[in-house]
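Q: Attaching a predicted model along with its sequence, questions to come.
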Amino acid sequence: MTMDHRTTFAGPSPVWHPFTQHALAPEPPLVLRGEGAWLTTATGERILDAISSWWVITHGHCHPRIVAAIRDQAGELDQVIFAGHTHLAAEALARRLVALAPAGLAHVFFSDSGSTAVEVALKMAVGYWRNIAEPRSRILALEHGYHGDTIGTMSAGARGIYNAAYEPLLFDVTRLPFPAQGREEATLTALEAACREAPCAALLVEPLILGAGGMLVYPAWVLAEMRSICDRHGVLLIADEVMTGFGRTGRLFACEHASVMPDILCCAKGLTGGALPLAVTLCRREIFDAHYSEDRRRTFFHSSSFTANPIACAAANANLDIWDEEPVAERIAALGALQEERLARFHDDARFASMRRLGTVAALDLAVDDPGYLAGIGLELAAFFRERGLLLRPLGNTIYVMPPYCVTAGDLDRVYAAIAAAAEHFG
Ligand code: PLP
């Protein structure tokens, strides 16, 4: 809808925003348009989307190819029940994903968001063990992990004020220490011990970088070692590539850095280039086969009304076309190099406690007395950047930059100039 910028709504908004404390949050800007790395508001202000609108936009807002695919599909087939029916867009997409994903992932289950992709993965893992008559339900996960906000994915993620209220509903998960630099062996030893202690259904990890946990990076060899330990103990490895998938870490999937094939792979966010909600959970043939039976109790009992929505699948196919036809890998490599170069300017700056980069993602921790996700400085920083026409949403004192791949060097300069100004102001 094109809206006249003078349009006003009467009375207070009834909208309840996600992850927002309305008592503290400023009035949200009314965004009318998106193009490339930029958003335009109803007042005509342009905002540089330096976090890809919650890490989803990869090729830029309103990429013409994705827009055209959505338009075409919407005029052809908008939606069809996916139980007992199929359609061209999903069939093509599933085949393309199997060809692109680490070899051995043979089946594709569709859902709608990152949370459901992981929720499905957990159900698949537990269902697998049940169906092969070796019931196991114990899940292992990394400290500081984030996998979504459903009851299941909250259970697997880090615990804190965000899920404390729901604690009675959350299930028990064995958490392994984050493989921080120099402490990687502690994680691997804990994994080995947990696997020996009792049968485990699966280890769930964000490969190489924990997003919401603070953009915490760990080396590829640790993921490879985790794979080996899981193999030795027959534990399934679930890779949550909801954030890392589709190029964020420099490769199509982060698992590729470690040449690791997970048993289950979860993708969402960048799957449609960020234009529409869609998620997939890929799994090995054995997991599908364990659910393949004339005994109906072995069915994988999961669905949602919009499973494999044709318009979203068409957007995802257009995303893959862009990967095929545009120099996306080169763009990502160039963005990574630009990020590295901009970060380097702060290397000796004591106002930053640490910094890191993986692929297109860069993060800097502002040195403050009271660090962490809940550090009040997070909101102040967001407001500071907002005043400078930038969409950045720091995780407490951690400022991260995760722009669409089409961002220009000049755009990045604006971001880093604002970060320098923030260090000056808050440091
Ligand atoms: N897993 C990871 C690693 C994520 O970063 C996120 C979202 O940020 C999710 C799962 C949940 O995805 P969604 O917000 O689409 O439900």
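A: Here it is on my side, so go on.
Q: Close to the ligand: what parts of the stretch 1-150 of the chain are there?
A: With CB under 6 Å from any ligand atom as the criterion, the stretch 1-150 of the chain meets the ligand at residues 113-115, 118, 146-148. In short, each C-beta sits where N, CA and C put it, glycine included.
Q: So which of those residues are in helices?
A: 114-115, 118 (DSSP state H).
Q: I'd like the distance between the nearest residue to Pro28 once chain neighbours are set aside and Ala25.
A: Residue nearest to Pro28 in three dimensions, not counting chain neighbours: His17, with 6.7 Å by CB to CB, 6 or more residues apart in numbering. Computed as CB to CB, to the nearest Å, the His17 to Ala25 distance reads 7 Å.
Q: So for those two, which sits in the more crowded spot?
A: Shown here are His17 and Ala25; by other CB atoms under 10 Å, Ala25 has more neighbours (13 against 10).
Q: Report the separation between Ala421 and the ligand.
A: Ala421 sits 27 Å away from the ligand, going by CB to the nearest ligand atom, to the nearest Å.
Q: Hmm, that residue is touching Leu390, no?
A: No - the criterion here is CB atoms under 8 Å, and Ala421 misses it with Leu390 at 10.5 Å.
Q: Give me the residue ranges of the stretch 251-400 of the chain where confidence is low.
A: For the stretch 251-400 of the chain, no stretch is flagged by pLDDT under 70.
Q: burial of the residue of it at minimum distance from the ligand, as a residue count?
A: For the stretch 251-400 of the chain and the ligand, the shortest gap (CB to the nearest ligand atom) falls at Ala268, measuring 4.8 Å. Close neighbours of Ala268, defined as other CB under 10 Å, add up to 29.
Q: same deal with Ala409?
A: Neighbours of Ala409 (other CB under 10 Å): 11.
Q: what's the answer for the one 3 residues further on, then?
A: When neighbours are defined as other CB under 10 Å, Leu412 has 21 of them.
Q: Grab the nearest non-local neighbour of it.
A: With CB to CB, 6+ apart as the criterion, Leu412 has its nearest non-adjacent residue at 5.5 Å, and that residue is Leu338.
Q: Which element, helix or strand, includes the one you found?
A: helix 328-344 (DSSP states H and E).
Q: Beyond that helix, next helix or strand please.
A: As assigned by DSSP H and E, the chain's next helix or strand after helix 328-344 is strand 352-358.
Q: Helices along the stretch 251-400 of the chain, start to end?
A: Applying DSSP state H, counting those that start in this stretch to the stretch 251-400 of the chain gives helices spanning 285-290, 310-325, 328-344, 377-387.
Q: Switch those helices over to JSON lines; also include distance to the ligand.
A: Below are the helices of the stretch 251-400 of the chain laid out as JSON lines (distance: least, CB to the nearest ligand atom, whole Å):
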{"stretch": "helix 285-290", "distance to the ligand": "19"}
{"stretch": "helix 310-325", "distance to the ligand": "13"}
{"stretch": "helix 328-344", "distance to the ligand": "18"}
{"stretch": "helix 377-387", "distance to the ligand": "16"}
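Q: Can you get me a residue count around the residue nearest to Leu203 when sequence neighbours are not counted?
A: Of all residues not flanking Leu203 in the chain, Leu140 sits nearest, at 4.4 Å (CB to CB, 6+ apart). The number of residues packed near Leu140 is 24, by other CB under 10 Å.
Q: circling back: between the ones in helices among the residues of the stretch 1-150 of the chain next to the ligand, which is closest to the ligand?
A: Using CB to the nearest ligand atom, Gly114 comes nearest to the ligand of those, at 2.1 Å.
Q: residues contacting Ala268?
A: 113-114, 117, 242, 245, 277-280 (CB atoms under 8 Å, 6 or more residues apart in numbering).
Q: returning to what we had before: show me which pair in the residues of the stretch 1-150 of the chain next to the ligand is furthest apart.
A: Spatial extent of those (CB to CB) is set by the pair Ser113 and Tyr146 at 13.4 Å.
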